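Give me a model of this one.
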Amino acid sequence: MPRILFYTLIFFLFAIGTGLIWLRHIQTEIPLLPGKQVTVWLVEARVTFSANGNPVEVSLDIPYSVPGYRTFNEQTASPGYGFSVLDINGNRRAVWSVRSAMGPQTLYYKLLVSEAVDSNNENLAPPDPVVEIFWEESQGIAARQVLALAHSQSDSRLSMCRELIKQINAKEKSQNIALLLSQTPPVLLLEKLLHYAGIPTRIVNGLYLEENRHNLELEPMLEIYTTERWIMLDPDTGQHGRPDNFFLWDHGGTSILDVSGGRYSNVSFGISAQTISAKQLALTTTPPEHFVFFDMHKLPVEEQNMLKVMLLLPLGALAVVFMSVIIGIRTSGTFMPILIALSFLQTSLVPGLISFVAIVAFGLLLRSYLSHFNLLLVARISTIVVLVLMIIVISSLFGYQIGVNTRMSVTFFPVIIIAWTIERMSILWEDAGPREVLLQGGGSLFVAICAFMLMSWPLAAHLSFNFPEINLIILALLMGMGSYTGYKLTELRRFRALRLKLGL
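Presented below is the predicted three-dimensional model:
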């Protein structure tokens, strides 16, 4: 029973850790892999008009709750104008104002757009009551005949709308369609006919997100309300559904641009693509809702850097336990390789390894000389710390003078680690001889290098800081390896003679 409970605990730790990592990934949209890049679109609206010297107010309809997309980082360039964003009857409008302006004026509104992972911003709002349509007598007769024909050739609101689009866009138009088009543009005629048929319809406007496009105008699309949702249709082809890369700018019902105090107003659009970090995008646009208390990105930068190093320690412990329990490599001290790996993180591997071996070798010579004075342990360790510090400083100054960067950081960790390593190696030399020193010292360095490779792996560093729940998985692995009582890999050599005798 105790073993069953033990393995059940390991399983739950692993499952909970994996589940929390996936839940954080879904909620915050932080990528599981480091270095992932995403494309965002810079959309710029350019408003031009001619002011007549009076007070000016400019109101531009701007996006809100765009299906399939997320907007952020709104900016405006309007020297001398006051700017604000207002919510008017559910529509967001950018409003510029100035006491007096004269002559040509140009205002800019910019925002970044990225694709949204979810579709919670789909517009499911029920429609307003259908507008009552009034026709002239001849147009009314033509409209009823057009609708009757479309109704007879369809079985639903969607198919009826497609039939109307076919009639309006046909090369050889009927007399009824030609009469109606003589008074009304095609898109407005579609909306009017569908309203006349009692089908909730509206005209929406948007842009196709394509690289390096300028002087664009909003392209109209048609939306009809059916089966409790809005369906978008292309008024030229009749295809339903939102086209790829189509960014919905407004939902219709209001004017795109209103200018008071000016004339000859116009709005045009420009689009360009940018590539940014997926992690930075997630932190900017998706504040965590369920992980606010455990969001380390809100901490000061100094504390974040400290935690980044501390959260690597479980990975170093995992490497040490695996190499010790499963492989069977002997080290000087249980977790001395982790401390050595930490010093390598500060100095980088090759320069740190060379400096570490050289300083430890020279320190062993000094330590053997100090043994003749019969110093107490505390005084001896303190003396070694001072000597190691002097060696590091002298080597750094000497390297600087000859133009070589030793890359040995004079910090607390390397000095203490090296001093304690020298003391342990010296005691081991006295007790077990130089062979054991080389065996355990070499094993410690090898395990330290393995721990350093794991701790400096970009994926491991990314997961340990952005998904700290991975420590539950590491804990489960450590407990699982801790219960292993079988042969270590290095112990299998003991059976080499038996395998040769049996011909295996």
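
Going along the chain, name the helices of the stretch 1-150 of the chain.
2-28, 137-152 (DSSP state H, counting those that start in this stretch).

Go through those and name the closest to residue 56.
Among the helices of the stretch 1-150 of the chain, helix 137-152 comes nearest to residue 56, with 39.7 Å by Cβ to Cβ. All C-beta spots, glycine's among them, are computed from the backbone N, C-alpha and C.

which helices and strands sit right next to the helix or strand following the closest one?
Later in the chain than helix 137-152, the nearest helix or strand by DSSP states H and E is helix 157-169. Applying 3 or more Cβ pairs under 8 Å, 6 or more residues apart in numbering; DSSP states H and E, one finds that helix 157-169 contacts helix 137-152, helix 175-181, helix 186-196, strand 219-226, strand 229-233.

And those: which comes nearest residue 429?
Among the helices and strands packed on helix 157-169, the nearest to residue 429 by Cβ to Cβ is strand 229-233 (79.2 Å).

Tell me the first helix or strand C-terminal of that closest one.
Next along from strand 229-233, by DSSP H and E: strand 246-250.

about what we covered before: distance to residue 308 and mean neighbour count for the helices and strands packed on helix 157-169 - can I get that in a markdown table?
Formatted as a markdown table, those follow (distance: least, Cβ to Cβ, whole Å; neighbours: other Cβ atoms under 10 Å):
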| stretch | distance to residue 308 | mean neighbour count |
| --- | --- | --- |
| helix 137-152 | 64 | 16 |
| helix 175-181 | 66 | 16 |
| helix 186-196 | 55 | 20 |
| strand 219-226 | 47 | 20 |
| strand 229-233 | 46 | 18 |
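
In TSV: those, plus mean pLDDT.
Listed next are the helices and strands packed on helix 157-169 as TSV, based on pLDDT from 0 to 100:
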stretch	mean pLDDT
helix 137-152	89
helix 175-181	88
helix 186-196	88
strand 219-226	88
strand 229-233	86
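
mind putting those in CSV, distance to residue 46 included?
Formatted as CSV, those follow (distance: least, Cβ to Cβ, whole Å):
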stretch, distance to residue 46
helix 137-152, 38
helix 175-181, 32
helix 186-196, 24
strand 219-226, 17
strand 229-233, 26
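
what about the ones you listed, which gets the closest to residue 77?
strand 219-226 (24.7 Å).

And for that closest one, what's in contact with it?
With Cβ atoms under 8 Å, 6 or more residues apart in numbering as the test, strand 219-226 has contacts from 126-127, 156-158, 161, 187, 190-191, 194, 199-208, 230-235, 246, 248, 251-252.

returning to what we had before: quick one: which of the helices of the stretch 1-150 of the chain is nearest residue 346?
When these are compared for distance to residue 346 using Cβ to Cβ, the nearest one is helix 2-28, at 28.3 Å.

Now do the closest one: which elements does it pack against?
Packed against helix 2-28, as judged by 3+ Cβ pairs under 8 Å, 6+ apart, are the following elements: helix 470-482.

hmm, back to that, between the helices and strands packed on helix 157-169, which one is nearest to residue 97?
That would be strand 219-226 among the helices and strands packed on helix 157-169, by Cβ to Cβ, at 28.9 Å.

Make TSV from the helices of the stretch 1-150 of the chain and add distance to residue 98 to it.
Listed next are the helices of the stretch 1-150 of the chain as TSV, based on distance: least, Cβ to Cβ, whole Å:
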stretch	distance to residue 98
helix 2-28	41
helix 137-152	44
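
Distance of the residue most central in space within the chain relative to residue 29?
Closest residue to the average C-alpha location of the chain: residue 279 at 2.5 Å, with Cα atoms, centre = their mean. For residue 279, the distance to residue 29 (Cβ to Cβ, to the nearest Å) stands at 9 Å.

Repeat that for residue 152.
Taken as Cβ to Cβ, the span from residue 152 to residue 29 is 49 Å.

Please name the residues that touch residue 367.
By Cβ under 8 Å, 6+ apart, residue 367 lies in contact with 380, 384, 422, 423, 426.

And stretch 209-222, what's buried?
Residues 209, 216, 218, 219, 220, 221, 222 are the ones in stretch 209-222 that count as buried (16 or more other Cβ atoms under 10 Å).
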